[in-house]
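1. Here is a sequence together with a model predicted from it:
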Amino acid sequence: MNILSIQSHVAFGHVGNASAVFPLQRLGVEVWPIHTVQFSNHTGYGAWRGQVFEAQVIDDLVEGIAERGQLARCDGVLSGYMGSADIGAAILRAVAKVRAANPRADYCCDPVIGDVGRGVFVRPGIPEFMREQAVPAADVITPNQFELELLSGRPVQTRADAVAACEVLRATGPKVVLVTSLHTQETPDTSLDMLACGPDGRFLVRTPRLDVSLNGAGDAIAALFFFHWKRSGSTALALGAAASSIYGLLSRTHEAGARELLLVDAQDEFVRPTRVFTAEAI
């Protein structure tokens, strides 16, 4: 499997491509990473160095791959944080080029906008771009609960609310909606849910809640789910596999008291998770 991953990148730590690429490689995927930014570290540290690349750089790199005659071998495109609408437009142009070369290719968009407690943390115009252009163009989207509410325009308090919001988004274009972190009235305080809605059904995985919040976890979840969905064609199997691996990764990181995801130390969790969770139909 070959996946073109267009995301931010950091030299130290694990967010964006630095979080998504290695798990995919460990699972046997050939990843073609294109970086939208290259920073010394993620911005959660409050200070960083590096450069934001122009949208033209993305166009140039994709065109270079096309000139090698390789886009027909690309099975999917993965995107995450978009620093500007111009970057987003370049990503959608890349998706269009890949689909033209390989109509079976899929696009997974992690619609990064904000989070519960933090609100919107992207630049003005990005939420609108996500809602009006990126989400309708995607085959798979992976919002968190905050982004699910914002994109669907519906409050999510119950599981039924979450399913309804997913179906609103599916009606705009995506085949599958994965809600990466969900806490509704039905979710115990000691647990956290992941919900996926696709053409083959609606499925839930519940895992123990870990007292941890780490940058880059969403990037890894999106990559893992997309891979397992592409390989299996099953929303339920993809949800269970992604949830099991990410729980193992977060558990190992939490136990070590690390500030960055321990992708290398916990790499076996991507292939053989210590604890296996099974998605249940709802």
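-> It's in.

2. I'd like the distance between L192 and V212.
-> 11 Å (CB to CB, to the nearest Å). Backbone N, C-alpha and C define where each C-beta goes, glycine included.

3. In terms of neighbours, single out the busier of those two.
-> Set L192 next to V212 and count neighbours by other CB atoms under 10 Å: L192 wins out with 19 against 14.

4. and the more buried one, what element?
-> Using DSSP states H and E, L192 maps to strand 191-198.

5. next one: I221
-> If you go by DSSP H and E, I221 is part of helix 217-232.

6. Okay, buried residues for that helix please.
-> 217-231 (16 or more other CB atoms under 10 Å).

7. got the buried residues for the following helix or strand past that helix?
-> Note on helix 217-232: by DSSP H and E, the next helix or strand toward the C-terminus is helix 235-256. For helix 235-256, the neighbour count (16+ other CB under 10 Å) marks 235-253 as buried.

8. Now do helix 235-256: which elements does it pack against?
-> On a contact count with 3 or more CB pairs under 8 Å, 6 or more residues apart in numbering; DSSP states H and E, helix 235-256 meets strand 176-182, strand 191-198, strand 201-208, helix 217-232, helix 268-271.

9. same thing but at 7 Å, please
-> strand 191-198, strand 201-208, helix 217-232, helix 268-271 (3 or more CB pairs under 7 Å, 6 or more residues apart in numbering; DSSP states H and E).

10. Columns mean pLDDT and distance to R93 on top of these, output as TSV?
-> TSV is the format used below for the helices and strands packed on helix 235-256 (pLDDT from 0 to 100; distance: least, CB to CB, whole Å):
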stretch	mean pLDDT	distance to R93
strand 191-198	97	26
strand 201-208	97	33
helix 217-232	97	20
helix 268-271	98	31
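
11. And stretch 71-80, end to end?
-> Distance across stretch 71-80, first residue to last, is 20 Å (CA to CA, to the nearest Å).

12. tell me the mean pLDDT for that stretch?
-> In this model, stretch 71-80 carries a mean pLDDT of 98.

13. Can you give the distance of that stretch from its chain's centre?
-> Its chain's C-alpha centre and that of stretch 71-80 lie 14 Å apart, by CA atoms, centre = their mean, to the nearest Å.

14. ok, and for it, which residues are buried?
-> By 16+ other CB under 10 Å, the buried positions in stretch 71-80 come out as 71, 73-80.

15. Please name the residues that touch the residue most central in space within the chain.
-> Centroid-nearest residue in the chain: A222, 2.7 Å away (criterion: CA atoms, centre = their mean). Shown in contact with A222 (CB atoms under 7 Å, 6 or more residues apart in numbering): 20, 78, 80, 108, 110, 142.
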